[in-house]
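Asks: please find the sequence and the predicted model below.
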Amino acid sequence: MFWRGVLGYLPVNIVQGLVGLATIVTFTRLLQPSQFGDYALGFSVMSLLHTAVFTWNEAAMARFWVGEADRGKGGDHAATVYRTWMAMLVVLPLALAAALLVPMTPSLKLAVVCGVLAVLPRTFAKLAQERRRAAGEVAGAAMIDIVQTLGAFLVGAVLAFAGLGGAAPLIGFGVAAAICMTWTFGSEIRLSRTGRFEAPRARSYVGYGLPVALSLILALALSTTDRFLLAAFLDEAAVGLYHAGYSLANRTLDVLFIWLGAAGGPALIAALERGGERDLVPAAREQASVMLLLCVPAAAGLALVAQPLSAVMVGPELAAGAAHVTPWIAASGLLAGLTTYYFHQAFTLGQRTRMLLAAMAIPAVANLALNLVLIPRFGLDGALWATLASYALGLAASMGLGARTLKLPVPWRALAETLAATALMALAVIQVPAFGGWLELFAKSALGAAVFGVVAFSLDAGGLRSRGLDALRTLRARAA
């Protein structure tokens with residue numbers, strides 16, 4: 001199931017990667033630094049509202065679908081989830097009223113209001129996607145991702161060109177999600193009508209999902225607190241500069257982690273539900289090895305090419321600052337991805353989500369404290385140091401607490417092999433002169449990929465060479 005998901009979600013992540021880079025190229029040029037800051041703050045509000053109100057229900061949809069569907073209770077499960085979603089929509093008018101009443105600059109207010117309005121279609125599309133993903137309907141889940149990613153970018157770019165400022169990308173998110181909601185609404189509601197709402201089931205979902213939502217709120221606070229504090233202590237232009245570098249590094253790594261997580265999460269749930277820990281441990285070790293083999297060199301590569309990448313991808317007003325931010329966020333993004341998409345699985349698989357809340361509270365509180373101390377003294381650098389330290393602390397907390405819930409294996413050999421290949425890659429890349437532009441970016445990227453690939457193949461890092469050869473032999477036998 002894992003490899004089927006990896007292959008099935010590959011087109012999605014190619015689209016997400018390309019659109020993610022195009023988004024940075026486009027919006028850092030179409031938007032002024034202060035407008036890009038409005039967009040970053042509006043996006044943060046949208047994400048916090050979505051997570052605070054709706055994510056626990058989405059987590060319940062994903063975690064319990066396989067078990068309930070196998071027992072013939074999929075209709076009751078869907079009915080409970082969707083009718084609970086409808087009841088929660090009452091929060092959105094209140095949030096909209098608050099956004100209109102809070103004193104802000106007109107451009108920031110418009111961005112925040114558009115972000116709030118986008119929440120409704122986004123959360124329904126997320127529920128539909130989580131059900132398809134949990135059911136192994138890779139094509140349907142992938143299509144929702146592609147439509148939202150491409151649609152949000154295209155609509156947002158047109159509106160930004162038309163002069164709507166920081167609100168333009170947020171309107172794009174809402175329009176693309178509305179398309180997905182229109183497309184999936186009929187089938188999802190028909191499914192929910194085959195079952196009935198069950199209050200005890202809803203209460204159990206709250207008990208499971210609420211700590212997940214609270215932990216994700218803390219994760220968002222961990223990733224967005226620095227923006228609000230930079231705006232408070234400095235200005236929106238500083239937020240725009242920080243967000244440009246943050247997006248360049250973190251979005252690139254996010255594409256990899258989301259890809260592997262989309263395939264890996266449902267596979268681990270299915271392995272545990274159908275085979276217990278006997279099937280879970282080898283599946284988890286395989287996923288962790290693949291994650292390390294892809295994401296560690298990606299993070300190192302981003303740091304190594306930060307200067308030419310920023311010069312090529314980011315608008316001239318933000319490029320120098322983005323180049324400074326990128327290496328720090330690449331390291332932070334690697335730690336965050338390993339924590340969220342691997343070690344946090346222990347809490348959801350073991351259904352001890354309160355421990356997940358504790359694991360996230362530690363780095364979130366540390367991040368707030370460090371930012372309050374470091375940003376007034378060191379400005380942008382203080383935010384970068386606080387972010388890296390907080391994510392390192394979060395990884396350690398999740399490993400320790402997760403082992404008390406459901407111990408997931410750490411593939412130490414794969415980690416050592418990956419680090420060795422990454423170190424040799426870095427030694428090769430730093431020998432390339434800094435002659436700037438596309439040529440430097442291509443030369444360093446190509447050399448780094450070639451060196452890492454040769455070393456990793458020679459070491460059989462993560463056992464991927466062996467598995468690849470086995471798969472090739474199987475395909476040849478089937479063809480024969």
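Replies: Now that the structure is in, tell me what you want to look at. Residues are numbered from 1 along each chain as shown.
Asks: residues in contact with the closest residue to Met399 other than its chain neighbours?
Replies: Leaving aside its chain neighbours, Met399 sits nearest to Phe343 (5.6 Å; criterion: C-beta to C-beta, 6 or more residues apart in numbering). The C-beta positions use only the backbone N, C-alpha and C, and glycine is treated the same way. Going by C-beta atoms under 8 Å, 6 or more residues apart in numbering, Phe343 touches Leu395, Ser398, Met399, Gly402, Leu408.
Asks: and if we set it to 6 Å?
Replies: Ser398, Met399, Gly402 (C-beta atoms under 6 Å, 6 or more residues apart in numbering).
Asks: quick check: of these, which has the highest neighbour count?
Replies: Ranked by the number of neighbours (other C-beta atoms under 10 Å), those place Ser398 first, at 26 neighbours.
Asks: and the gap between that one and Glu286?
Replies: As for Ser398, its distance to Glu286 is 20 Å (criterion: C-beta to C-beta, to the nearest Å).
Asks: next secondary structure element downstream of the helix or strand containing Asn371?
Replies: Element membership of Asn371, judged by DSSP states H and E, is helix 353-378. Sequence-wise, the next helix or strand downstream of helix 353-378 (DSSP H and E) is helix 380-403.
Asks: against which helices or strands is the next helix-or-strand element following that following helix packed?
Replies: Using DSSP H and E, the helix or strand that follows helix 380-403 in sequence is helix 412-429. Judged by 3 or more C-beta pairs under 6 Å, 6 or more residues apart in numbering; DSSP states H and E, helix 412-429 is in contact with helix 236-304, helix 437-459.
Asks: lowest average confidence across those helices, which one?
Replies: Here the helices and strands packed on helix 412-429 differ in mean pLDDT, and the lowest is helix 236-304 at a mean of 78.
Asks: buried residues in the helix or strand that that helix is followed by?
Replies: Sequence order places helix 306-313 as the next helix or strand after helix 236-304, per DSSP H and E. Within helix 306-313, the residues that count as buried by 16 or more other C-beta atoms under 10 Å are Ala306, Gln307, Pro308, Leu309, Ser310, Ala311, Val312, Met313.
Asks: one more: stretch 170-189?
Replies: 170-181, 184, 188.
Asks: for the residue nearest the centre of the chain, give me its contacts.
Replies: By C-alpha atoms, centre = their mean, the mean C-alpha position of the chain lies nearest to Asp254, the distance being 4.7 Å. Applying C-beta under 6 Å, 6+ apart, we find Asp254 in contact with no residue.
Asks: how much space between it and Gln129?
Replies: Per C-beta to C-beta, Asp254 is found 16 Å from Gln129.
Asks: quick check: closest non-adjacent residue to Leu260.
Replies: Closest residue in space to Leu260, ignoring its immediate chain neighbours: Met291 at 5.3 Å, by C-beta to C-beta, 6+ apart.
Asks: how close does the one you found get to Thr105?
Replies: Using C-beta to C-beta, Met291 is found at 41 Å from Thr105.
Asks: neighbour count for these two, which is higher?
Replies: Met291 (24 against 11).
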